[in-house]
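# fold the following for me, if possible:
(one chain, ligands or ions: 2)
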Amino acid sequence: MHAWPASEVPVLPGKGRDLRIHDTATDGLVTLDPGPVARIYVCGITPYDATHIGHAATYNAFDLVQRVWLDTKRQVHYVQNVTDVDDPLLERAERDGIDWVALAEKETALFREDMTALRMLPPREYIGAVEAIPGIVPLVERLRDAGAAYELEGDIYFSVEADPDFGKVSGLDAAAMRLLSAERGGDPDRSGKKNPLDPMLWMAAREGEPSWDGGSLGRGRPGWHIECVAIALDHLGMGFDIQGGGSDLAFPHHEMGASHAQALTGEFPMAKAYVHAGMVALHGEKMSKSKGNLVFVSKLRRDGVDPAAIRLALLAHHYRADWEWTDQVLQDAVARLGRWRAAVSRPDGPSAEALVEEIREALVNDLDAPAALAAVDRWAALQLDQGGTDEGAPGVVSRAVDALLGVAL
Ligand code: 5CA
Ligand code: ZN
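Ligands and ions are numbered 1, 2, ... in the order given. Take a look at the predicted model:
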């Protein structure tokens, strides 16, 4: 699949430091030391009802990760998937009486437009679940042949007991896992499973649903977790730097993915850090496609909101916090964008060297974007109150805000 166009990232003078970020698996901050090419896998959308502010907030967090890495003069190998076949997508297409392929294509196209408008850096590989099927089938066969998977009425399940490290990503107890499994796409109550938590690797073809040739697995379609494992291992290999997503992916999705990879390779963890963004709410409840309490990036854009203001609204919240979208959040961001633009519109101003270091320092410290915004606010206030004599300082600020925060002034 094609991704979306990259906006240019200005190269700043000097060099940023290594990123320190919260890892869910160890529940602590880790300083990552990627090689010359940092490797990141971010779970992509299931393409219906895209792109809401919750999605945008999560992708914003991982965009910052890349900008920090680029500032260390490394390259970044970024991979993202699109879950373009799965139960919720098929259910939505059925409900709305439209073709599921057309729905997925339309929503993926809209997501690309929104990501472009928000200046999110594109993945090097953008891979759909459907196009990944030829790579998924042999992995499921290997898991089955190794005794880590079993058949139940034609479906193939992964056995969580095959992984001695199962549970280490989320750190949850069995009762919590069971609840979340039922909420988030699992089927803990299906009888005949070895462990209620066991997730499906391959679903045998169902009447009226799409299916593909699965070789010795028979016709069917892939489970959700193996999709991301197959794509990540194919393009990044084991032990890549970050697997990212919203906090609702820690269990079961990233837990099961780590388990599949452990059973396939004998190694844990698949990613050196499991990084999770907080949930954005609207009217007191998590913004979600299933509840329908959504604010869309495309709707805001149609209403004439500058994408740079949307981006500033996201950046005003720490990526790990759960927060609520309100009109005030957007108004504050619009006002901030206006102040910043006025401040950089003059040819000279207060020295910007210390500010660049402050932005860098804030971001390497677990992506503290609000602290970065506060530093720019201070410089802008000084500029607007008193001005300054440093020739070119506003240009330095513009380039730093663009390179490190993805905001075009
Ligand atoms: N296709 C799978 C991942 S492989 C999926 O979870 N798709 S999704 O469309 O449901 O979500 C895409 C990303 O947005 C995920 O990382 C998810 O955690 C995140 N996300 C969904 N809702 C919110 C929200 N309200 N706030 C923050 N992030 C959210
Ligand atoms: Zn995923």
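
# okay, whatever residue of the stretch 1-150 of the chain ends up closest to ligand 2: pLDDT?
Closest residue of the stretch 1-150 of the chain to ligand 2, CB to the ion: residue 43 (3.1 Å). All C-beta atoms are positioned from the backbone trio N, CA, C, and that covers glycine. Model confidence at residue 43, given as pLDDT, is 98.

# secondary structure element holding residue 221?
Per DSSP states H and E, residue 221 falls inside strand 220-222.

# name the residues that touch that strand?
85, 129, 132-133, 136, 140, 154-155, 201-205, 209-212, 214, 230 (CB atoms under 8 Å, 6 or more residues apart in numbering).

# can we see that at 10 Å?
Residues outside strand 220-222 that contact it (CB atoms under 10 Å, 6 or more residues apart in numbering): 83, 85-87, 90, 129-130, 132-133, 135-137, 139-140, 154-156, 200-206, 209-214, 227, 230.

# narrow those to those in helices?
87, 90, 129-130, 132-133, 135-137, 139-140, 227, 230 (DSSP state H).

# out of these, which end up buried?
For those, a burial check counting by 16 or more other CB atoms under 10 Å picks out 90, 129, 130, 132, 133, 135, 136, 137, 139, 140, 227, 230.

# could you dump those to TSV with distance to ligand 2?
As requested, these are exported to TSV (distance: CB to the ion, whole Å):
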residue	distance to ligand 2
90	17
129	9
130	15
132	11
133	15
135	15
136	13
137	18
139	15
140	16
227	7
230	11
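
# max pairwise distance over these: which two?
90 and 139 (22.6 Å; CB to CB).

# span of stretch 268-283 from start to end?
When the termini of stretch 268-283 are compared using CA to CA, to the nearest Å, they are 39 Å apart.

# report the contact partners of whichever residue of the stretch 201-350 of the chain sits closest to ligand 2.
Residue nearest to ligand 2 within the stretch 201-350 of the chain: residue 228 (3.5 Å; CB to the ion). Residue 228 makes contacts with 41-44, 79-81, 83, 127, 129, 132, 243, 245, 249, 253-254, 256-257, 260-261, 270, as judged by CB under 10 Å, 6+ apart.

# next one: residue 113
4, 50, 51, 297, 298, 301.

# in the helix or strand hosting the fifth one, which residues are buried?
Translated: residue 298. Assessed by DSSP H and E, residue 298 sits inside helix 297-302. Residues 297, 300, 301 are the ones in helix 297-302 that count as buried (16+ other CB under 10 Å).

# name the residues that touch it?
Against helix 297-302 from outside (CB under 10 Å, 6+ apart): 50-53, 55-56, 110-111, 113-115, 117-118, 296, 305-307, 309-311, 313-314, 330.

# tell me the bridge partners for the residue in the stretch 101-250 of the chain that ligand 1 sits nearest to.
Nearest residue of the stretch 101-250 of the chain to ligand 1, counting by CB to the nearest ligand atom: residue 246, 2.2 Å away. Beta-bridge pairing of residue 246 under DSSP bridges involves residue 277.

# surely it is in contact with residue 60?
No - if you go by CB atoms under 10 Å, residue 246 and residue 60 don't touch, sitting 11.5 Å apart.

# mind listing the shared neighbours of these two?
Common neighbours of residue 246 and residue 60 (criterion: CB under 10 Å, 6+ apart): 277, 319.
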